[in-house]
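J.: Next come a sequence and a model predicted from it.
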Amino acid sequence: MLDNIENNKAAIAYNVLGSYAEKRAENSNNIVVIYPEDYTHVLLRAAFIPKNSNKINLAGEFLDYILNEKGQLIMESEGGLPSLANKNIQNQLNAKPIRLDIGLLVYLDDFKKYNFLKE
């Protein structure tokens, strides 16, 4: 969608991940990111350490790193993901996080996924 905006093949794109759009907008004259004033979904990032991991300590060190200030700055500057301290996100009163709950995981079940796709 962003390619189409940049190449004048489309005038608008909707439901694009803001972090990707903002990164592209930095170097494009055709892309302007506008967040809806009433309601903007915010995707949560999550990381887990499985109980049966054989590298629990290493995984813990990695999580500590990506959550610390240096890791957050690298993810924002090089990965295009806003840091947890990003004021643009914190100041968006219309930002509504998508809850991380069982509803997001339902269709990972093979049977439910099969039935959903069949329908």
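T.: Alright, I've got the coordinates.

J.: Show me the shaky parts of this structure.
T.: 88-90, 93, 107 (pLDDT under 70).

J.: domains of it?
T.: Domain ranges of the chain: 1-34, 39-118, per automatic domain parsing.

J.: Tabulate these in JSON lines, adding columns for mean neighbour count.
T.: For the C-beta atoms, the positions are set from N, CA and C on the backbone; glycine is no exception. JSON lines is the format used below for the domains of the chain (neighbours: other CB atoms under 10 Å):
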{"stretch": "domain 1-34", "mean neighbour count": "13"}
{"stretch": "domain 39-118", "mean neighbour count": "11"}
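
J.: Let me know the secondary structure of residue 96.
T.: Under the three-state scheme (DSSP: H, G, I helix; E, B strand; the rest coil), residue 96 adopts strand.

J.: Contact partners for it?
T.: Listed by CB atoms under 8 Å, 6 or more residues apart in numbering, the contact set of residue 96 reads 39, 40, 41, 42.

J.: Nearest to the spatial middle of the chain, which residue is it?
T.: When CA atoms, centre = their mean is applied to the chain, the residue found nearest the centroid is residue 43 (4.8 Å).

J.: Who are the contact partners of that residue?
T.: 17, 98.

J.: again, only using 6 Å
T.: residue 98 (CB atoms under 6 Å, 6 or more residues apart in numbering).

J.: Can you show me the strands along the protein?
T.: 40-42, 95-97 (DSSP state E).

J.: wait, which of these is closest to residue 69?
T.: Comparison of these against residue 69 by CB to CB identifies strand 40-42 as nearest, at 21.0 Å.

J.: other SSEs contacting the closest one?
T.: With contacts taken as 3 or more CB pairs under 6 Å, 6 or more residues apart in numbering; DSSP states H and E, strand 40-42 sits against strand 95-97.

J.: Give me the sheet partners of the strand it packs on and which way each runs.
T.: According to DSSP bridges, strand 95-97 forms sheet pairs with strand 40-42 (parallel).

J.: and the gap between residue 25 and residue 59?
T.: 34 Å (CB to CB, to the nearest Å).
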